[in-house]
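[1] Starting from these lines, generate the structure:
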Amino acid sequence: MVLAIVGIVGLKMAARPGVTGRGVAIGGLVLSVVALLLGLALGAGINNESAVDRLQQQVDDLRDRLDR
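    Now for the predicted structure:
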């Protein structure tokens with residue numbers, strides 16, 4: 001959330017005459033929104049105990065493959 005606010009502030013500052021960085025501000029804003037949505041999606045999916053068990057099983061399987 002803080003990153004989105006910083007991105008908005010950066011976008012407003014980039015609108016000033018003679019100031020560059022509009023593309024960087026837009027990129028930061030987009031990435032912060034994507035990160036927020038991804039975090040919410042993961043948080044909603046991991047609240048399910050069976051989803052946590054499946055994820056743990058996948059991690060264990062990958063760890064077993066690395067040990068070979």
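
[2] and the spatially most central residue of the chain, what does it touch?
    In the chain, the residue lying closest to the centroid (Cα atoms, centre = their mean) is residue 35, at 1.9 Å. Listed by Cβ atoms under 8 Å, 6 or more residues apart in numbering, the contact set of residue 35 reads residue 3. C-beta here means a position set from N, CA and C on the backbone, and glycine is covered the same way.

[3] Distance of it relative to residue 28?
    Separation of residue 35 from residue 28 (Cβ to Cβ, to the nearest Å): 10 Å.

[4] what do those two both touch?
    residue 3.

[5] Could you check how far the longest helix along the chain is from the centre of its chain?
    Longest helix in the chain by number of residues (criterion: DSSP state H): helix 22-46. In terms of Cα atoms, centre = their mean, to the nearest Å, the centre of helix 22-46 is found 4 Å from the chain centre.

[6] buried sites along it?
    Buried positions in helix 22-46, judged by neighbour count with 16 or more other Cβ atoms under 10 Å: 25, 28-29, 32.

[7] and of these, the nearest to residue 8?
    residue 29 (6.5 Å; Cβ to Cβ).

[8] ok so, going back, redo the buried residues of helix 22-46 as CSV? Include pLDDT and distance to residue 17.
    CSV is the format used below for these (pLDDT from 0 to 100; distance: Cβ to Cβ, whole Å):
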residue, pLDDT, distance to residue 17
25, 85, 16
28, 84, 21
29, 86, 21
32, 87, 26
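
[9] of the residues you listed, closest to residue 55?
    Among these, and counting by Cβ to Cβ, the member closest to residue 55 is residue 32, at 25.2 Å.

[10] the bottom helix or strand of this structure by mean pLDDT?
    Least confident helix or strand, the chain: helix 2-14 with a mean of 81, by mean pLDDT, DSSP states H and E.

[11] mind listing what's buried in that helix?
    4, 7, 10-11.

[12] got the angle for that helix vs helix 22-46?
    Computed by axes from the mean of the first three to the mean of the last three Cα atoms, to 10 degrees, the angle separating helix 2-14 from helix 22-46 equals 160 degrees.
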